[in-house]
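[1] need a structure here:
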Amino acid sequence: MPEIEIHGGMVAFELIGPEDGEVCVVTPGGRFAMTYPGVRPFAEAIAAGGKRVLIWDRPNCGVSDIQLFEQSESHMRATVLAGLIRQLGLGPVIAMGGSGGARDTLMLSILFPELVSKMIVWSIVGGAFSSMSLANVYVMNEIRTVRRGGIDGILKLTGPAGSWSDLVAASPRNEQRLRDLGAEEFERVMWRWFEAYMPKPNEAIPGVQDHKFASIDKPTLIVRGGANDIDHPRRTSFEVHALIPGSRLIDPPWPEDAWERSQELRDAGKGGIFDPWMLAVPTFLDFIDENAS
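    Residues are numbered from 1 along each chain as shown. Here you go, the predicted model:
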């Protein structure tokens with residue numbers, strides 16, 4: 001797959017759909033690659049609606065290079081995505097993202113508004129439990145490990161999809177990138193990202209002050225969180241809706257318990273956690289095509 005250098009690291013990407021189609025960027029959650037089950041079928045379904053769809057391996061995902069900078073991982077990914085959009089000559093784009101991808105998409109709209117024409121976000125993480133869960137998954141074990149074992153310890157660290165050992169296995173050059181970074185700088189970044197995940201009364205989503213949402217002036221569609229989804233709380237979707245002027249909040253196009261059931265199916269080897277996204281394709285395409293020139 002093609003790669004391009006952004007901010008000193010290689011970023012893998014793919015463009016799907018007609019070359020003259022309106023450009024959409026799809027960003028998944030977690031540290032999952034664009035090859036993770038459910039991502040490409042969703043992108044292909046959007047492309048079938050006449051759109052040109054960009055999927056990409058964010059830094060620290062898939063075969064893209066490891067990168068560690070900025071005040072949070074989502075700030076970093078938004079910065080890299082902005083560079084990718086500019087170098088490919090694609091902007092402004094319809095930015096779409098779920099879970100961690102929703103956070104990255106919101107950051108893109110806040111930091112680089114000139115690159116976004118519309119925005120669609122769903123499965124937004126926020127609140128004490130889900131934010132602290134992210135800290136546990138992405139930075140707390142890293143801090144313990146690098147303090148005890150340095151970069152050698154990080155290179156052996158296993159865990160959720162997208163762990164550092166997985167990233168080195170997917171792209172061997174990532175080992176040298178980690179060694180060049182060094183244990184001291186790695187730990188410094190992890191502490192900074194840990195701070196972003198700490199729940200704060202003025203942050204509906206981790207690492208983003210509430211007042212910054214007021215700058216978003218693009219048409220925005222927000223999918224409400226599921227009724228019992230503790231990882232993407234319903235309350236957070238209402239808060240983000242209240243903070244973005246003129247945004248539209250809709251009930252989920254999938255069942256209220258889709259997140260819980262999709263995890264069960266994934267664990268049983270019968271499906272993937274992003275499979276429910278396909279149910280949203282008609283709704284998302286309708287929103288994209290509204291008031292299209």
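[2] Name the SS class of residue 52, please.
    Classification of residue 52 using DSSP: H, G, I helix; E, B strand; the rest coil returns strand.
[3] for the nearest residue to it once chain neighbours are set aside, what are its contacts?
    Nearest non-adjacent residue to residue 52, counting by Cβ to Cβ, 6 or more residues apart in numbering: residue 21, 3.8 Å away. No exception for glycine: its C-beta is placed from N, CA and C like everyone else's. With contact set as Cβ atoms under 8 Å, 6 or more residues apart in numbering, residue 21 has these partners: 47, 50, 51, 52, 53.
[4] Widest-spaced pair of those?
    Spatial extent of the contacts of residue 21 (Cβ to Cβ) is set by the pair 50 and 53 at 10.4 Å.
[5] Would you check how far apart the residue most central in space within the chain and residue 229 are?
    Compute the mean C-alpha point of the chain, and by Cα atoms, centre = their mean the closest residue is residue 101, 2.0 Å away. Applying Cβ to Cβ, to the nearest Å, the value for residue 101 to residue 229 is 16 Å.
[6] Strands of the stretch 101-250 of the chain, start to end?
    Using DSSP state E, counting those that start in this stretch, the strands of the stretch 101-250 of the chain run over residues 116-122, 220-223, 248-250.
[7] Mind putting those strands into TSV with mean pLDDT?
    Formatted as TSV, the strands of the stretch 101-250 of the chain follow (pLDDT from 0 to 100):
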stretch	mean pLDDT
strand 116-122	98
strand 220-223	98
strand 248-250	98
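[8] now those strands in JSON lines, with mean neighbour count?
    Formatted as JSON lines, the strands of the stretch 101-250 of the chain follow (neighbours: other Cβ atoms under 10 Å):
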{"stretch": "strand 116-122", "mean neighbour count": "24"}
{"stretch": "strand 220-223", "mean neighbour count": "24"}
{"stretch": "strand 248-250", "mean neighbour count": "15"}
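[9] Spit out the contact partners of residue 73.
    60, 138, 193, 196 are the contacts of residue 73 under Cβ under 8 Å, 6+ apart.
[10] rerun at 10 Å
    Residues near residue 73 by Cβ atoms under 10 Å, 6 or more residues apart in numbering: 31, 58-60, 67, 100, 103-104, 107, 134, 138-139, 189, 192-193, 196-197, 206-207.
[11] so residue 273 sits in a helix?
    No. Counting by three-state DSSP, residue 273 is not found in a helix; it is coil.
[12] Apart from its neighbours in sequence, what residue is nearest it?
    residue 262 (4.7 Å).
[13] What helix or strand is that neighbour located in?
    Taking DSSP states H and E as the definition, one finds residue 262 inside helix 258-267.
[14] Quick check: what element follows that helix along the chain?
    helix 281-289.
[15] helices and strands around that next one, which ones?
    Here helix 281-289 touches strand 22-27, helix 39-47, strand 51-56, strand 93-98, strand 116-122, strand 220-223, strand 248-250, going by 3 or more Cβ pairs under 10 Å, 6 or more residues apart in numbering; DSSP states H and E.
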